[in-house]
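Asker: here's my sequence, what's the structure:
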Amino acid sequence: MAEARTPAQIEAEIARRRQDLAETLDEIGVRLHPQTIIGDAKAKAADAVDRTAGRAYVAANRAVSQVRGRLVSDDGTPRLERIIPVAVVGVAVVGLLALRAKRRRG
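Answerer: Residues are numbered from 1 along each chain as shown. As a prediction, the model looks like this:
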């Protein structure tokens with residue numbers, strides 16, 4: 001059988017539960033406060049931007065390293081046998097784009 005509680009014990013338990021409930025309500029109030037919600041949203045957005053920017057940086061760095069590895073030898077000298085064809089293609093593409101733009105205007 002359960003031990004009978006005294007009125008003082010019951011009152012102390014009620015007071016403790018009221019205090020717990022008050023703390024819970026205060027915490028809910030803080031979490032639901034508009035400034036808290038805005039702050040959380042800003043933090044999540046900033047985190048998403050940081051992750052996206054970090055991924056973009058890593059991808060760009062990887063691409064540059066791959067291109068550099070193809071166009072520069074291990075000792076740092078340019079590989080002209082690879083650079084010259086790339087440069088010729090680049091100049092040709094720019095020339096074609098310029099010619100196309102000129103035809104559209106005139």
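Asker: could you find the closest non-adjacent residue to residue 36?
Answerer: Here the nearest residue to residue 36 in space, its sequence neighbours aside, is residue 30; by Cβ to Cβ, 6 or more residues apart in numbering that works out to 5.9 Å. Yep, even glycine has a C-beta here, placed from its N, CA and C like the rest.
Asker: that neighbour: what secondary structure?
Answerer: Counting by DSSP: H, G, I helix; E, B strand; the rest coil, the backbone at residue 30 sits in helix.
Asker: report the separation between it and residue 45.
Answerer: 21 Å (Cβ to Cβ, to the nearest Å).
Asker: what of residue 6?
Answerer: 55 Å.
Asker: and residue 73, what does it touch?
Answerer: Residues in contact with residue 73 (Cβ atoms under 8 Å, 6 or more residues apart in numbering) are residue 79.
Asker: all helices of this structure, in order?
Answerer: Secondary structure of the chain (DSSP state H): helices at 7-32, 34-71, 80-105.
Asker: columns mean pLDDT and mean neighbour count on top of those, output as TSV?
Answerer: Formatted as TSV, these follow (pLDDT from 0 to 100; neighbours: other Cβ atoms under 10 Å):
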stretch	mean pLDDT	mean neighbour count
helix 7-32	94	10
helix 34-71	93	10
helix 80-105	92	10
